[in-house]
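[1] just coords:
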């Protein structure tokens, strides 16, 4: 199985170096948009790419009774984070919800691992490029475990390189890529529904 440590990262930018460990944090606004479109309630949450806590902290604000476990491969100062490679992480605990912005190069592996940590009927949301719909390697994943919903952003959602909201010139990050929230429900076997947010 591929792991984040030692994995050759693909898709290097022409204009700047790729961020170490693919640390492209998610603007919490993207989570607000997901929660407005899709119900998430009290329960046990897992954020396996917690970084500095952009999503972890927002989950706790939106769902005050949520119990959130946070994992990251590097300690970036988030209180209570479990420092571990998610793809190698083992626990007997099962979660009601898993929400994350995984490294795109390991998206398929993160989905497969995440599904094993969900309770039956549990829900997992992954923030991914729309191109995650493509590829022969993902065909079997979608055949065995189709997402229930795909929420496509109608406006571009830039990531925060190394957790910073602005670039080296003090400007907010921008992107030409289209992203979506891919939402799985453990046990779902129907056809995915595409919606726009």
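    Looks like it arrived, so ask away. This structure is a prediction, so every number in the text was calculated from the model and none was measured.
[2] what does the strand of greatest length in the chain rub up against?
    Looking across the chain with DSSP state E, the single longest strand is strand 118-129. Contacts with strand 118-129, where a contact means CB atoms under 8 Å, 6 or more residues apart in numbering, come from 26, 30, 34, 38, 40, 94-102, 104, 107, 110-111, 114-115, 157, 177-187. Yep, even glycine has a C-beta here, placed from its N, CA and C like the rest.
[3] Now, of those, which are buried?
    26, 30, 34, 38, 40, 95-102, 104, 107, 110-111, 114-115, 157, 179-186 (16 or more other CB atoms under 10 Å).
[4] picking that back up, just the contacts of strand 118-129: which are in strands?
    Reading strands off those with DSSP E, I get 26, 95-100, 179-185.
[5] Save those residues as a markdown table, and put in pLDDT too.
    Output for these, formatted as a markdown table (pLDDT from 0 to 100):
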| residue | pLDDT |
| --- | --- |
| 26 | 63 |
| 95 | 98 |
| 96 | 98 |
| 97 | 98 |
| 98 | 98 |
| 99 | 98 |
| 100 | 96 |
| 179 | 92 |
| 180 | 96 |
| 181 | 97 |
| 182 | 98 |
| 183 | 98 |
| 184 | 98 |
| 185 | 98 |
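[6] and the two most separated of these?
    Within the ones in strands among the contacts of strand 118-129, 96 and 179 form the most distant pair, 24.1 Å apart (CB to CB).
[7] which residues touch residue 77?
    residue 52.
[8] Might you report the residue contacts of residue 135?
    By CB under 8 Å, 6+ apart, residue 135 has no neighbours at all.
[9] From residue 53, how far out is it?
    Look at residue 135 and residue 53: by CB to CB, to the nearest Å, they are 31 Å apart.
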